[in-house]
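This is the structure alone, sequence omitted:
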């Protein structure tokens, strides 16, 4: 999935890259591309974006240079995750709402300790 050209740019607290929103059918997507950013920006932006998932019809699309394994470890089972490697060699991850999110949970500490 690509970010559509007509997607609307939005402001996301703590984000260091542009975020966009668009709809596909009944689903609302929030999307960002960190394929050209160094660590820890992919995790920082993913953590910021995950805070937007507050209903089952909302999804977060992350496009990255590789699968964010450290992020997967950090969020555990808190989100539905659909991942694939695209034909262009980039990693695509779609996160879905699973439970009510408590943004004060230590899971949402966007710092990188490694």
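Yes, it's here. Being a predicted model, the structure only gives us computed values, none of them experimental.

Output the lowest mean pLDDT helix or strand found in the protein.
helix 69-75 (a mean of 93; mean pLDDT, DSSP states H and E).

Quick check: what element follows that one along the chain?
Going down the chain from helix 69-75, the next helix or strand is strand 80-85, by DSSP states H and E.

so what strands line up beside that next one?
When pairing is defined by DSSP bridges, strand 80-85 lines up against strand 91-96 (antiparallel).

buried residues in the strand it pairs with?
Neighbour-count burial for strand 91-96, with 16 or more other C-beta atoms under 10 Å as criterion, is recorded at 91-95. (C-beta placed from N, C-alpha, C; glycine too.)

pLDDT on it, on average?
The average pLDDT within strand 91-96 is 97.

What's opposite the spatially closest residue to residue 82 that is not a sequence neighbour in the beta bridge?
Closest residue to residue 82 apart from its sequence neighbours, by C-beta to C-beta, 6 or more residues apart in numbering: residue 94 at 4.5 Å. Beta-bridge pairing of residue 94, defined through DSSP bridges, involves residue 61, residue 82.
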